[in-house]
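*Asks:* Here is a sequence together with a model predicted from it:
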Amino acid sequence: MTEGRSADILLIEDNVSDAELTLRALKKRNVTNRVVHLRNGAEALAFLFPGQESAEQVVVAPKVILLDLKMPKVDGFQVLSAIRADLRLRSLPVVILSSSAEATDIETSYALGANSYVVKPVDFDGFLKVVADLAVYWLLLNQTPGLVWRGRANAS
């Protein structure tokens, strides 16, 4: 198995400060699970959908995806749509972690199949608490299927 293709938490976040805060919150809560940080939706799609040239590559699904919406190249809505359109990935838990509290963003996220929508708190302590609480719930309490696949996943 290729080590770069497995993670317990897949953090898809273009804001370096928010990504660092998220990683800090997880460390502070003693979360030792493997976290892979991807900086935009294009990197996320490349990670989740390895190309045909690597068809023998094994991919182990994360226990949870923390997905930002407003990103360059490919936004969070497009990533979420691709995940939900794929037979092998559609049951992956996806938590939208966004600074947007706009009703249209929340409605669109749930319409596309998000499992949860969390607005990033603007204060440091609030942000740390939210991320830590998300980790505890999605990594310890929630049960997920152990998804593993080879190469590019199939569309529905």
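*Replies:* Perfect, I can see it now. Numbering: from 1, shown residues only.

*Asks:* Which stretches in the protein count as helices?
*Replies:* Counting by DSSP state H, the chain has helices at residues 16-28, 41-48, 76-85, 103-111, 124-135.

*Asks:* Would you mind naming the residues that bridge with the most centrally placed residue in the chain?
*Replies:* For the chain, the residue nearest the mean C-alpha position is I65 (2.1 Å; C-alpha atoms, centre = their mean). When bridges are called by DSSP bridges, I65 pairs up with L10, V94.

*Asks:* Now do the contacts for it.
*Replies:* If you count contacts by C-beta atoms under 8 Å, 6 or more residues apart in numbering, I65 has them with I9, L10, I12, I83, L92, P93, V94, V95. For the C-beta atoms, the positions are set from N, CA and C on the backbone; glycine is no exception.

*Asks:* right, and H37 touches N15 too?
*Replies:* No. Taking C-beta atoms under 8 Å as the definition, H37 is not a contact partner of N15, at 11.0 Å.

*Asks:* Closest one of the contacts of I65 to F127?
*Replies:* V95 (14.2 Å; C-beta to C-beta).

*Asks:* Count the neighbours of the closest residue to the closest one other than its chain neighbours for me.
*Replies:* The shortest distance from V95 to any residue other than its chain neighbours is 4.5 Å, reached at S116 (C-beta to C-beta, 6 or more residues apart in numbering). For S116, the tally of surrounding residues (other C-beta atoms under 10 Å) stands at 16.

*Asks:* unless I'm mixing things up, S116 is touching Y110, no?
*Replies:* No. With contact taken as C-beta under 8 Å, S116 and Y110 are classed as non-touching, separated by 9.2 Å.

*Asks:* Below-threshold pLDDT in the protein: ranges please.
*Replies:* Judged against pLDDT under 70, the low-scoring parts of the chain cover residues 1-5, 52-59, 146-156.

*Asks:* Identify the farthest-apart pair in the contacts of I65.
*Replies:* Looking at those by C-beta to C-beta, the two members farthest from one another are I9 and I83, with 15.0 Å of separation.
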